[in-house]
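> Show me how the following folds:
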Amino acid sequence: MDVLPRIVTAATPTGWRLRFLPSVPRYLAANAVGGVAVPFLLAGPLVLAVTIPAVWLIFGFSALWHTLLVIGALLGIAGIGVAILMVKMELRAVRWVELRAETGILHVKRVIGTTLVPIGQVRRVEVVDRVRLGELSGFDVEFHAEQEEFSCPRVKGDGGGRLVDWLRDQLPAVTVERKQVVDRVHLPKDQWAPRRHVAALWKVPVEAVPELADHLGVRDHLFQPRVGAFYGSNLQSVDLYDPDDIHEIAAQLKEPLVSRKLAALMLQRLTSLANNKATDETSERLAILLPDAELATAYRKALRLTAASEPDPYVAYVQHWLCRAVRGEPRPEPGAAAPADLVVDTLATAPVLRPREA
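This next block holds a predicted model:
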(Lines give C-alpha, C1' and ligand atoms only; values in the text may rest on other atoms or scores of the structure.)
Protein backbone atom coordinates (compact mmCIF):
# COMPACT_ATOMS: atom_id res chain seq x y z
CA MET A 1 0.00 0.00 0.00
CA ASP A 2 1.58 3.27 -1.13
CA VAL A 3 0.47 5.71 1.56
CA LEU A 4 3.21 8.29 1.19
CA PRO A 5 5.16 9.58 -1.82
CA ARG A 6 8.56 8.08 -2.61
CA ILE A 7 7.46 4.74 -1.07
CA VAL A 8 8.01 5.93 2.51
CA THR A 9 5.60 3.23 3.68
CA ALA A 10 6.55 -0.37 2.90
CA ALA A 11 5.07 -3.77 3.73
CA THR A 12 7.05 -6.44 5.63
CA PRO A 13 6.27 -10.11 6.44
CA THR A 14 5.38 -9.12 10.01
CA GLY A 15 3.47 -5.91 9.40
CA TRP A 16 3.63 -2.43 7.93
CA ARG A 17 6.71 -0.26 8.13
CA LEU A 18 6.89 3.54 8.07
CA ARG A 19 10.35 4.32 6.73
CA PHE A 20 11.60 7.79 7.70
CA LEU A 21 15.33 7.46 6.91
CA PRO A 22 15.94 5.73 3.57
CA SER A 23 19.71 6.38 3.91
CA VAL A 24 21.27 6.64 7.37
CA PRO A 25 24.80 7.55 6.11
CA ARG A 26 23.38 10.40 4.02
CA TYR A 27 21.33 11.65 6.98
CA LEU A 28 24.29 11.64 9.37
CA ALA A 29 26.59 13.17 6.75
CA ALA A 30 24.16 16.03 6.21
CA ASN A 31 24.09 16.73 9.95
CA ALA A 32 27.88 16.56 10.14
CA VAL A 33 28.31 19.03 7.27
CA GLY A 34 25.78 21.33 8.90
CA GLY A 35 27.69 21.14 12.18
CA VAL A 36 31.00 22.04 10.52
CA ALA A 37 29.36 25.04 8.85
CA VAL A 38 27.85 26.47 12.05
CA PRO A 39 30.99 28.25 13.42
CA PHE A 40 31.79 29.70 10.00
CA LEU A 41 28.25 31.05 9.60
CA LEU A 42 28.23 32.56 13.08
CA ALA A 43 31.75 34.03 13.09
CA GLY A 44 32.11 34.72 9.36
CA PRO A 45 30.42 38.15 9.31
CA LEU A 46 32.52 39.36 12.27
CA VAL A 47 35.75 38.12 10.67
CA LEU A 48 34.97 39.74 7.32
CA ALA A 49 33.71 43.03 8.73
CA VAL A 50 36.12 43.62 11.64
CA THR A 51 39.07 41.24 11.94
CA ILE A 52 40.32 41.25 8.34
CA PRO A 53 40.23 45.07 7.90
CA ALA A 54 41.86 45.61 11.32
CA VAL A 55 44.74 43.17 10.67
CA TRP A 56 45.29 44.58 7.17
CA LEU A 57 45.49 48.18 8.38
CA ILE A 58 47.62 47.50 11.46
CA PHE A 59 49.98 44.68 10.42
CA GLY A 60 49.82 44.72 6.62
CA PHE A 61 48.91 42.31 3.88
CA SER A 62 51.50 39.65 4.79
CA ALA A 63 50.07 39.20 8.29
CA LEU A 64 46.56 38.89 6.87
CA TRP A 65 47.14 35.43 5.38
CA HIS A 66 48.59 34.06 8.60
CA THR A 67 45.65 35.46 10.54
CA LEU A 68 43.18 33.89 8.14
CA LEU A 69 44.90 30.51 8.46
CA VAL A 70 44.77 30.65 12.26
CA ILE A 71 41.13 31.77 12.32
CA GLY A 72 40.21 29.14 9.72
CA ALA A 73 41.92 26.41 11.74
CA LEU A 74 40.16 27.45 14.95
CA LEU A 75 36.78 27.61 13.26
CA GLY A 76 37.45 24.23 11.62
CA ILE A 77 38.24 22.62 14.98
CA ALA A 78 35.12 24.17 16.48
CA GLY A 79 33.10 22.94 13.49
CA ILE A 80 34.34 19.39 13.94
CA GLY A 81 33.31 19.51 17.59
CA VAL A 82 29.84 20.75 16.70
CA ALA A 83 29.54 18.10 13.97
CA ILE A 84 30.44 15.31 16.41
CA LEU A 85 27.89 16.64 18.88
CA MET A 86 25.15 16.85 16.24
CA VAL A 87 25.84 13.35 14.92
CA LYS A 88 25.82 11.98 18.47
CA MET A 89 22.43 13.59 19.08
CA GLU A 90 21.03 12.06 15.88
CA LEU A 91 22.05 8.51 16.80
CA ARG A 92 18.68 8.21 18.54
CA ALA A 93 16.80 9.34 15.41
CA VAL A 94 14.01 7.01 14.27
CA ARG A 95 14.85 5.09 11.10
CA TRP A 96 11.55 3.31 10.77
CA VAL A 97 8.48 2.29 12.76
CA GLU A 98 6.93 -1.11 12.18
CA LEU A 99 3.34 -1.94 13.18
CA ARG A 100 3.24 -5.61 14.11
CA ALA A 101 -0.47 -6.26 14.46
CA GLU A 102 -0.10 -10.00 15.24
CA THR A 103 2.06 -9.39 18.31
CA GLY A 104 0.57 -6.00 19.21
CA ILE A 105 4.02 -4.39 19.22
CA LEU A 106 5.24 -1.09 17.83
CA HIS A 107 8.80 -1.78 16.68
CA VAL A 108 10.80 1.48 16.68
CA LYS A 109 14.18 1.11 14.98
CA ARG A 110 16.64 3.93 15.64
CA VAL A 111 20.02 4.66 14.07
CA ILE A 112 21.50 2.84 17.07
CA GLY A 113 19.19 0.75 19.20
CA THR A 114 15.60 -0.47 19.10
CA THR A 115 12.56 0.33 21.20
CA LEU A 116 9.56 -1.99 21.57
CA VAL A 117 6.31 -0.28 22.53
CA PRO A 118 3.08 -2.24 23.09
CA ILE A 119 0.42 -0.80 20.81
CA GLY A 120 -1.95 -0.79 23.79
CA GLN A 121 0.26 1.82 25.46
CA VAL A 122 0.11 4.22 22.49
CA ARG A 123 -2.38 6.92 23.42
CA ARG A 124 -2.06 9.35 20.53
CA VAL A 125 -0.37 9.78 17.17
CA GLU A 126 -0.01 13.27 15.70
CA VAL A 127 0.72 14.08 12.07
CA VAL A 128 1.91 17.69 12.05
CA ASP A 129 1.95 19.57 8.74
CA ARG A 130 4.75 22.16 8.58
CA VAL A 131 3.87 25.28 6.60
CA ARG A 132 6.41 27.88 5.48
CA LEU A 133 5.35 31.04 3.63
CA GLY A 134 1.95 29.51 2.94
CA GLU A 135 3.39 26.36 1.35
CA LEU A 136 3.48 22.87 2.84
CA SER A 137 7.15 21.95 3.35
CA GLY A 138 6.59 18.52 4.91
CA PHE A 139 5.14 16.84 7.96
CA ASP A 140 6.27 15.34 11.26
CA VAL A 141 4.93 12.17 12.88
CA GLU A 142 4.83 12.06 16.69
CA PHE A 143 3.95 9.02 18.80
CA HIS A 144 2.71 9.57 22.35
CA ALA A 145 2.82 6.46 24.55
CA GLU A 146 2.43 5.95 28.31
CA GLN A 147 6.15 5.66 29.02
CA GLU A 148 7.70 7.87 26.32
CA GLU A 149 7.12 10.16 23.38
CA PHE A 150 9.16 10.15 20.20
CA SER A 151 9.15 12.23 17.05
CA CYS A 152 10.25 10.90 13.66
CA PRO A 153 12.43 12.77 11.14
CA ARG A 154 10.48 15.12 8.91
CA VAL A 155 9.00 13.78 5.68
CA LYS A 156 9.19 16.26 2.80
CA GLY A 157 6.25 16.97 0.54
CA ASP A 158 2.56 16.17 0.91
CA GLY A 159 0.98 12.93 2.13
CA GLY A 160 0.06 13.72 5.73
CA GLY A 161 -3.67 13.42 5.07
CA ARG A 162 -3.33 9.97 3.51
CA LEU A 163 -1.12 8.85 6.37
CA VAL A 164 -3.71 9.97 8.93
CA ASP A 165 -6.44 7.93 7.21
CA TRP A 166 -4.16 4.90 6.98
CA LEU A 167 -3.10 5.07 10.63
CA ARG A 168 -6.72 5.32 11.75
CA ASP A 169 -7.46 2.10 9.85
CA GLN A 170 -4.41 0.31 11.28
CA LEU A 171 -4.77 1.62 14.87
CA PRO A 172 -8.51 1.86 15.53
CA ALA A 173 -8.02 2.08 19.30
CA VAL A 174 -5.52 4.97 19.05
CA THR A 175 -6.39 8.63 18.60
CA VAL A 176 -4.80 9.90 15.38
CA GLU A 177 -4.78 13.68 14.95
CA ARG A 178 -3.68 16.00 12.19
CA LYS A 179 -2.35 19.44 13.08
CA GLN A 180 -0.65 22.32 11.33
CA VAL A 181 2.31 24.40 12.51
CA VAL A 182 3.50 27.56 10.77
CA ASP A 183 7.28 27.89 10.55
CA ARG A 184 7.78 31.64 10.42
CA VAL A 185 10.83 32.97 8.55
CA HIS A 186 11.02 36.18 10.65
CA LEU A 187 12.54 38.37 7.95
CA PRO A 188 13.79 41.87 8.94
CA LYS A 189 11.06 44.46 8.51
CA ASP A 190 12.89 46.24 5.72
CA GLN A 191 12.63 42.99 3.72
CA TRP A 192 8.87 42.64 4.10
CA ALA A 193 6.58 42.65 1.05
CA PRO A 194 5.35 45.88 -0.60
CA ARG A 195 1.73 46.56 -1.56
CA ARG A 196 2.08 45.44 -5.19
CA HIS A 197 3.43 42.06 -4.15
CA VAL A 198 0.55 41.57 -1.68
CA ALA A 199 -2.02 42.65 -4.28
CA ALA A 200 -0.65 40.17 -6.84
CA LEU A 201 -0.62 37.37 -4.26
CA TRP A 202 -4.18 38.00 -3.07
CA LYS A 203 -5.46 39.02 -6.54
CA VAL A 204 -6.93 42.31 -5.29
CA PRO A 205 -6.46 45.98 -6.32
CA VAL A 206 -3.33 47.62 -4.94
CA GLU A 207 -5.32 50.41 -3.27
CA ALA A 208 -7.35 47.83 -1.30
CA VAL A 209 -4.33 46.22 0.37
CA PRO A 210 -3.94 48.54 3.43
CA GLU A 211 -7.58 48.18 4.54
CA LEU A 212 -7.67 44.45 3.85
CA ALA A 213 -4.42 43.87 5.72
CA ASP A 214 -5.78 45.77 8.70
CA HIS A 215 -9.04 43.78 8.84
CA LEU A 216 -7.26 40.46 8.27
CA GLY A 217 -4.77 41.05 11.09
CA VAL A 218 -1.69 41.16 8.87
CA ARG A 219 1.32 42.80 10.49
CA ASP A 220 2.61 45.86 8.66
CA HIS A 221 5.51 48.29 8.88
CA LEU A 222 5.95 51.84 7.59
CA PHE A 223 9.44 51.72 6.12
CA GLN A 224 11.29 54.97 5.67
CA PRO A 225 14.57 54.85 3.73
CA ARG A 226 17.58 56.37 5.43
CA VAL A 227 17.68 59.29 2.99
CA GLY A 228 14.14 60.28 3.86
CA ALA A 229 14.78 59.85 7.57
CA PHE A 230 17.93 62.01 7.38
CA TYR A 231 16.08 64.92 5.77
CA GLY A 232 12.98 64.48 7.92
CA SER A 233 10.78 63.66 4.93
CA ASN A 234 8.06 61.02 4.74
CA LEU A 235 7.67 61.26 0.97
CA GLN A 236 9.59 58.04 0.41
CA SER A 237 7.86 56.02 3.12
CA VAL A 238 6.61 52.60 1.98
CA ASP A 239 4.05 50.26 3.53
CA LEU A 240 5.51 46.76 3.96
CA TYR A 241 3.71 43.62 5.10
CA ASP A 242 4.84 40.52 6.96
CA PRO A 243 5.53 37.81 4.32
CA ASP A 244 4.55 35.06 6.75
CA ASP A 245 1.11 36.60 7.25
CA ILE A 246 0.40 37.44 3.62
CA HIS A 247 1.36 33.97 2.38
CA GLU A 248 -0.73 32.39 5.13
CA ILE A 249 -3.75 34.45 4.05
CA ALA A 250 -3.08 33.56 0.40
CA ALA A 251 -3.02 29.86 1.29
CA GLN A 252 -6.33 30.15 3.15
CA LEU A 253 -7.91 32.00 0.21
CA LYS A 254 -7.33 28.84 -1.84
CA GLU A 255 -9.09 26.59 0.68
CA PRO A 256 -12.55 25.20 -0.22
CA LEU A 257 -14.13 26.68 2.93
CA VAL A 258 -12.69 30.18 2.52
CA SER A 259 -16.18 31.59 1.83
CA ARG A 260 -17.27 30.53 5.31
CA LYS A 261 -14.26 32.16 6.96
CA LEU A 262 -14.84 35.37 5.01
CA ALA A 263 -18.53 35.36 5.87
CA ALA A 264 -17.64 34.98 9.55
CA LEU A 265 -15.29 37.94 9.40
CA MET A 266 -17.88 40.05 7.57
CA LEU A 267 -20.55 39.05 10.09
CA GLN A 268 -18.19 40.09 12.86
CA ARG A 269 -17.64 43.53 11.30
CA LEU A 270 -21.31 44.13 10.45
CA THR A 271 -22.52 43.11 13.91
CA SER A 272 -19.94 45.27 15.67
CA LEU A 273 -20.87 48.35 13.62
CA ALA A 274 -24.61 47.75 14.05
CA ASN A 275 -24.28 47.35 17.83
CA ASN A 276 -22.27 50.58 18.06
CA LYS A 277 -24.44 52.45 15.49
CA ALA A 278 -21.27 53.31 13.56
CA THR A 279 -20.02 53.15 9.99
CA ASP A 280 -16.71 52.08 8.51
CA GLU A 281 -16.12 52.39 4.77
CA THR A 282 -12.96 50.27 4.94
CA SER A 283 -15.02 47.22 5.96
CA GLU A 284 -16.44 47.16 2.43
CA ARG A 285 -13.03 45.98 1.18
CA LEU A 286 -13.69 42.50 2.61
CA ALA A 287 -16.40 41.99 -0.02
CA ILE A 288 -13.70 41.97 -2.72
CA LEU A 289 -12.50 38.59 -1.50
CA LEU A 290 -15.94 36.95 -1.29
CA PRO A 291 -16.76 34.67 -4.27
CA ASP A 292 -20.52 35.16 -3.77
CA ALA A 293 -21.08 38.47 -5.61
CA GLU A 294 -24.73 38.73 -4.54
CA LEU A 295 -23.90 38.39 -0.85
CA ALA A 296 -21.01 40.82 -1.26
CA THR A 297 -23.38 43.43 -2.71
CA ALA A 298 -25.87 42.92 0.11
CA TYR A 299 -23.07 43.25 2.67
CA ARG A 300 -21.95 46.58 1.18
CA LYS A 301 -25.52 47.87 1.25
CA ALA A 302 -26.02 46.79 4.88
CA LEU A 303 -22.81 48.55 5.96
CA ARG A 304 -24.34 51.87 4.89
CA LEU A 305 -27.31 51.34 7.23
CA THR A 306 -25.51 50.46 10.47
CA ALA A 307 -25.43 54.05 11.79
CA ALA A 308 -29.24 54.41 11.81
CA SER A 309 -30.77 55.41 15.16
CA GLU A 310 -33.09 52.40 14.99
CA PRO A 311 -32.00 48.89 13.96
CA ASP A 312 -32.58 48.44 10.24
CA PRO A 313 -34.40 45.24 9.16
CA TYR A 314 -32.13 44.88 6.14
CA VAL A 315 -29.05 44.74 8.37
CA ALA A 316 -30.69 41.96 10.40
CA TYR A 317 -31.51 40.11 7.18
CA VAL A 318 -27.92 40.31 5.91
CA GLN A 319 -26.69 39.11 9.32
CA HIS A 320 -28.99 36.09 8.93
CA TRP A 321 -27.65 35.53 5.41
CA LEU A 322 -24.05 35.68 6.63
CA CYS A 323 -24.85 33.26 9.46
CA ARG A 324 -26.19 30.77 6.93
CA ALA A 325 -23.15 31.28 4.70
CA VAL A 326 -20.86 30.54 7.63
CA ARG A 327 -22.74 27.31 8.28
CA GLY A 328 -22.82 26.33 4.60
CA GLU A 329 -26.60 26.70 4.44
CA PRO A 330 -28.68 28.26 1.61
CA ARG A 331 -29.75 31.87 1.54
CA PRO A 332 -32.72 32.71 3.83
CA GLU A 333 -36.02 34.00 2.54
CA PRO A 334 -35.92 37.74 1.73
CA GLY A 335 -36.55 39.85 4.82
CA ALA A 336 -36.12 36.96 7.28
CA ALA A 337 -34.20 38.10 10.36
CA ALA A 338 -31.85 35.75 12.20
CA PRO A 339 -33.41 33.71 15.04
CA ALA A 340 -32.52 34.71 18.59
CA ASP A 341 -28.90 34.01 19.58
CA LEU A 342 -28.01 32.73 16.09
CA VAL A 343 -25.57 35.56 15.44
CA VAL A 344 -23.94 35.18 18.88
CA ASP A 345 -23.63 31.40 18.54
CA THR A 346 -22.22 31.67 15.03
CA LEU A 347 -19.61 34.25 16.01
CA ALA A 348 -18.59 32.17 19.02
CA THR A 349 -17.78 29.05 17.02
CA ALA A 350 -16.96 30.14 13.46
CA PRO A 351 -13.29 30.35 12.35
CA VAL A 352 -12.42 33.64 10.70
CA LEU A 353 -9.84 34.47 8.06
CA ARG A 354 -6.72 35.27 10.06
CA PRO A 355 -3.02 34.35 9.91
CA ARG A 356 -2.31 31.25 11.97
CA GLU A 357 0.26 31.73 14.71
CA ALA A 358 3.45 29.66 14.78
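> packing partners for the host helix or strand of residue 302?
Taking DSSP states H and E as the definition, one finds residue 302 inside helix 293-303. Applying 3 or more C-beta pairs under 8 Å, 6 or more residues apart in numbering; DSSP states H and E, one finds that helix 293-303 makes contact with helix 258-275, helix 313-326. All C-beta spots, glycine's among them, are computed from the backbone N, C-alpha and C.
> helices or strands up against the longest one?
Which is helix 258-275. Packing contacts for helix 258-275, counted by 3+ C-beta pairs under 8 Å, 6+ apart, involve helix 209-216, helix 293-303, helix 313-326, helix 342-349.
> Residue 244 is nearest to which of those?
In terms of C-beta to C-beta, the element of the helices and strands packed on helix 258-275 nearest to residue 244 is helix 209-216, at 12.9 Å.
> how many neighbours does residue 159 have?
By other C-beta atoms under 10 Å, 22 other residues sit near residue 159.
> now it: how far from residue 301?
Between residue 159 and residue 301 the computed distance is 46 Å (C-beta to C-beta, to the nearest Å).
> hang on, residue 136 is in a helix, isn't it?
No - applying DSSP: H, G, I helix; E, B strand; the rest coil, one finds residue 136 to be strand, outside a helix.
> which residues does it form a beta bridge with?
Going by DSSP bridges, residue 136 is paired in beta bridges with residue 131.
> Where does pLDDT dip in the protein?
1-12, 14, 101, 226-236, 356-358 (pLDDT under 70).
> Where do the strands of the stretch 51-200 of the chain begin and end?
All strands of the stretch 51-200 of the chain, identified by DSSP state E, counting those that start in this stretch, fall at 94-100, 105-110, 114-118, 122-132, 135-145, 149-151, 155-156, 175-182, 193-194.
> As TSV, those strands with mean neighbour count would be great.
Shown next, in TSV, are these (neighbours: other C-beta atoms under 10 Å):
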stretch	mean neighbour count
strand 94-100	19
strand 105-110	19
strand 114-118	13
strand 122-132	18
strand 135-145	18
strand 149-151	15
strand 155-156	18
strand 175-182	15
strand 193-194	18
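> could you dump those strands to TSV with distance to residue 166?
Converted to TSV, the strands of the stretch 51-200 of the chain look like this (distance: least, C-beta to C-beta, whole Å):
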stretch	distance to residue 166
strand 94-100	10
strand 105-110	15
strand 114-118	19
strand 122-132	10
strand 135-145	12
strand 149-151	19
strand 155-156	13
strand 175-182	9
strand 193-194	38
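> Select, out of the ones you listed, the one closest to residue 343.
Short answer: strand 175-182, nearest of the strands of the stretch 51-200 of the chain by C-beta to C-beta, at 28.5 Å.
> List the neighbouring strands of that closest one plus their orientation.
With DSSP bridges as the test, strand 175-182 is paired with strand 122-132 (parallel).
> hmm, back to that, is it possible to export the helices and strands packed on helix 258-275 to JSON lines including distance to residue 140 and mean neighbour count?
Formatted as JSON lines, these follow (distance: least, C-beta to C-beta, whole Å; neighbours: other C-beta atoms under 10 Å):
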{"stretch": "helix 209-216", "distance to residue 140": "28", "mean neighbour count": "20"}
{"stretch": "helix 293-303", "distance to residue 140": "39", "mean neighbour count": "17"}
{"stretch": "helix 313-326", "distance to residue 140": "32", "mean neighbour count": "22"}
{"stretch": "helix 342-349", "distance to residue 140": "29", "mean neighbour count": "15"}
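> Out of these, flag the one nearest residue 26.
helix 209-216 (41.8 Å).
> chain center to the closest one: distance?
Computed by C-alpha atoms, centre = their mean, to the nearest Å, the chain-centroid distance of helix 209-216 equals 19 Å.
> Next secondary structure after it?
From helix 209-216, the next helix or strand downstream (DSSP H and E) is strand 220-223.
> beta partners for residue 140?
Note on residue 140: beta-bridge partners by DSSP bridges are residue 128.
> measure it to residue 74 for me?
For residue 140 relative to residue 74 (C-beta to C-beta), the value is 36 Å.
> Could you do residue 141 as well?
Distance, residue 141 to residue 74, by C-beta to C-beta: 40 Å.
> do residue 152 as well
Taking C-beta to C-beta, one finds residue 152 at 36 Å from residue 74.
> Over to residue 161?
Separation of residue 161 from residue 74 (C-beta to C-beta): 49 Å.
> show me the contacts for residue 82.
35-36, 38-39 (C-beta atoms under 8 Å, 6 or more residues apart in numbering).
> Among those residues, name the ones in helices.
35-36, 38-39 (DSSP state H).
> quick one: which of these has the most company?
Top of the ones in helices among the contacts of residue 82 by neighbour count (other C-beta under 10 Å): residue 35, with 21 neighbours.
> Skipping adjacent residues, who's closest to that residue in space?
Excluding its sequence neighbours, the residue lying closest to residue 35 (C-beta to C-beta, 6 or more residues apart in numbering) is residue 83, at 3.2 Å.
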